[in-house]
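Peer 1: take this sequence and fold it.
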Amino acid sequence: VLMVDLLLGARLQLNTVFGYSPIVAGRFAGTGNTAFAFMGAAGLITGALIVHRWPRSRGALAATGVLYAGVVVFDGAPQLGSDVGGILALVPALGVTWVLLTGRRPTLRTLAIAAVASVVALGGFLMLDLARAPESRTHLARLWEDTTERGGGVLLETVERKARSNLRVFRSTIYTFFVPPALGVMAWLLRRPRGRWQRLAHLYPKLRAGLVGGLVLGVLGFAVNDSGIAIPAVILSFLLPMAVLVHLVMARAGWARPDGRTYEYRLDGAVAPERPA
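Peer 2: Numbers count the residues shown, from 1 in each chain. As a prediction, the model looks like this:
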C-alpha cells in the first residue's frame, strides 16, 4: 500500500498513523520517518518469510534481494520517498539480513561493504535529484547546494539539529520506557540463545535472521532519523508479534501424544517425523 501510494503522489500519508500531519509539520512530501519504519520492517520480514518458506531455493533468495532493493528505491528515490535517513539505515540493515538469510555470518568486511553501499546509494540518489529542475529538487539536493556554497558548517548544523530533535523525542515520549529494554532483551536472547530461543536458532534460522536484521534496522533507524525512539517502536511492532507466534508454535513442539511419542510441528502446521519421547 505504501509503495503504490508513493507512485500515486503519497496522498495517503497526510493525517494518517504512518504518515505526517500539519501539527508536526516535519515534511509534506515523500516518506516520513514512521512510514519508513513501517515499509522497512514489513519488507524485511516479508523477505525472511519468503526464504523461510523456500529455504533451499536460489529463486527465493533472488526474489528477496529484489524486494530489499525495491524497498530502498521506493524509500530513497527523490521522485518517491526522498528519505535520506532511510537510505542510511535500510541499505546496511537489509544487506546484513540478506547475508544472514544465505546462511553466512556477517564479517567486518561485510559490514564495511554495507556501509560503503549506503554511501553509494545516497550518492546515486543525490545525482538523480540534482538532475531534476531546481523547483522539483528535494531537501537532499538543497542540502548539497547549501553545503557547497556555504561550507561544511551547514552539514554540521543539520546533524546537530537532528541530534537535538532525537534527544527531545527520547525525553518526551512514552516509547522511551519500554523500547530500550525490549531491544536489549531481544538482542541478548538472539545473540546468546538459551532454551527455546536456542531451538528458534536451530529450527527457524531464517526467521531468526529476520529478527536480527530487524533489530539492526531499529538501531540504525534510531541513530540516523530525527524521530528517534519512535522508529524502533514501530519496527518492534513487527518483530515482537512474529517472535511470539514462532514461540507459540515451538510450544506445541514436543507435545506428548497418547502413544508415548512426541511430534515436531512446523510453522505451516504440518507434522514432522516423530521423535522419541
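Peer 1: so for stretch 84-95, what gets flagged as buried?
Peer 2: For stretch 84-95, the neighbour count (16 or more other Cβ atoms under 10 Å) marks 84-95 as buried. The C-beta positions use only the backbone N, C-alpha and C, and glycine is treated the same way.
Peer 1: same check on stretch 3-10?
Peer 2: 3, 5-6, 10.
Peer 1: same question for that stretch, mean pLDDT?
Peer 2: The average of the pLDDT scores along stretch 3-10 is 82.
Peer 1: for the chain, just list every one of the strands.
Peer 2: 255-256, 262-263 (DSSP state E).
Peer 1: the ones you listed: lowest mean pLDDT?
Peer 2: strand 255-256 (a mean of 42).
Peer 1: list the residues that contact Ala42.
Peer 2: Counting by Cβ atoms under 8 Å, 6 or more residues apart in numbering, Ala42 touches Phe238.
Peer 1: state the distance from it to Val185.
Peer 2: As judged by Cβ to Cβ, to the nearest Å, Ala42 and Val185 stand 23 Å apart.
Peer 1: what's the neighbour count on Val116?
Peer 2: Using other Cβ atoms under 10 Å, Val116 has 12 neighbouring residues.
Peer 1: same thing with Ala233?
Peer 2: A count of nearby residues for Ala233, using other Cβ under 10 Å, gives 22.
Peer 1: cool, the one 10 residues further on as well?
Peer 2: The number of residues packed near Ala243 is 21, by other Cβ under 10 Å.
Peer 1: repeat that for Val212.
Peer 2: Neighbours around Val212, by other Cβ under 10 Å: 22.
Peer 1: now do it, the pLDDT please.
Peer 2: At Val212, the predicted lDDT confidence score is 89.
Peer 1: now swap in Thr46 and tell me
Peer 2: Reading off the confidence values, Thr46 has pLDDT 94.
Peer 1: how close does it sit to His52?
Peer 2: Computed as Cβ to Cβ, the Thr46 to His52 distance reads 10 Å.
Peer 1: more neighbours: which of these two?
Peer 2: Taking other Cβ under 10 Å, Thr46 and His52 do not tie; His52 has more neighbours (20 against 15).
Peer 1: OK, contacts around the more buried one?
Peer 2: For His52, the contacting residues are 204, 206-207, 210, 267, by Cβ under 8 Å, 6+ apart.
Peer 1: repeat that for 7 Å
Peer 2: 204, 206-207 (Cβ atoms under 7 Å, 6 or more residues apart in numbering).
Peer 1: quick one: it and Met186, what's the gap?
Peer 2: With Cβ to Cβ as the criterion, His52 and Met186 are 18 Å apart.
Peer 1: which stretches of the stretch 1-150 of the chain aren't confidently modelled?
Peer 2: Applying pLDDT under 70 to the stretch 1-150 of the chain picks out residues 19-29, 139, 146.
Peer 1: which stretches of it form helices?
Peer 2: Taking DSSP state H, counting those that start in this stretch as the test, the helices found in the stretch 1-150 of the chain are 2-7, 33-53, 58-76, 84-101, 108-130, 139-150.
Peer 1: between those helices, which one is closest to Leu236.
Peer 2: helix 33-53 (8.5 Å; Cβ to Cβ).
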